[in-house]
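Dropping a prediction and its sequence here:
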Amino acid sequence: MGCGKDFDTGSCVCDILREIVDAQNDVVENCCDTSCERSISDLLGETDNGNGLDTVPVILYCKDSCKPFKGFGAHPDDIGDVQASFYFRVKRVMDDCCAVVELLRDPGDNDNNPKDPVDQDTNPLRATGICMTVDLNCFCHITCLPAVSAFN
């Protein structure tokens, strides 16, 4: 398994996110030390069986600025509490290379609008239920973090 070898859309960001979605769906129905390939292998338990991991957190980089993409959203239970994150869990990739991604945040992080990915608390990253649809053709780069358990 490598960078998008199972898909060939012409967009490596789109292809690798499709690969991540497939791997995550295999795990959860409810080379390098750090890489997308390593994170996918860890998620699938190829390096540690029964590890309980369910998510490959990703950072997406905008094509024109090459800066990390920051998403914003609010949970329907608290619409007044808009939050931002640089970290996402890919939920679904459509044929047109649009994707549904979910904001990942540390529940204890009180900074709702971090300025930079290194300023955002990430231990632990958890699913927020806040999702958005993005056009993967707008991104030129993806960073995969080590697989985590975002639902525990």
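Arrived safely, thanks for sending. Numbering: from 1, shown residues only.

quick one: residue 94 and residue 134, what's the gap?
11 Å (C-beta to C-beta, to the nearest Å). To be clear about C-beta, it is placed using only N, CA and C from the backbone, and glycine gets the same treatment.

Tell me where this structure has helices.
Along the chain, the segments classed as helices by DSSP state H run 12-27, 36-43.

longest single strand anywhere in this structure?
strand 126-135 (DSSP state E).

So which elements touch that strand?
Applying 3 or more C-beta pairs under 8 Å, 6 or more residues apart in numbering; DSSP states H and E, one finds that strand 126-135 makes contact with strand 71-73, strand 83-85, strand 98-105.

rank the helices of the chain by pLDDT, which is bottom?
Across the helices of the chain, helix 36-43 has the smallest mean pLDDT, namely a mean of 76.

and that one with helix 12-27, angle?
10 degrees (axes from the mean of the first three to the mean of the last three C-alpha atoms, to 10 degrees).

Can you point out the buried residues in helix 36-43?
Within helix 36-43, the residues scored as buried using 16 or more other C-beta atoms under 10 Å are 36, 37, 38, 39, 40, 41, 42, 43.

same question, stretch 62-78
68, 69, 70, 71, 73.

Thought residue 57 was touching residue 43, still the case?
No - counting by C-beta atoms under 8 Å, residue 43 does not reach residue 57; the two are 10.6 Å apart.

got any residues that touch both of these two?
Common neighbours of residue 43 and residue 57 are not found (criterion: C-beta atoms under 8 Å, 6 or more residues apart in numbering).

And the residue of the chain positioned farthest from its centre, how far from residue 120?
Distance from the C-alpha centroid of the chain, by C-alpha atoms, centre = their mean, peaks at residue 80 (24.3 Å). Remark: distance between residue 80 and residue 120 (C-beta to C-beta) = 21 Å.

do residue 12 as well
25 Å.

Specify which residue of these two has the higher count of neighbours.
residue 120 (21 against 18; other C-beta atoms under 10 Å).
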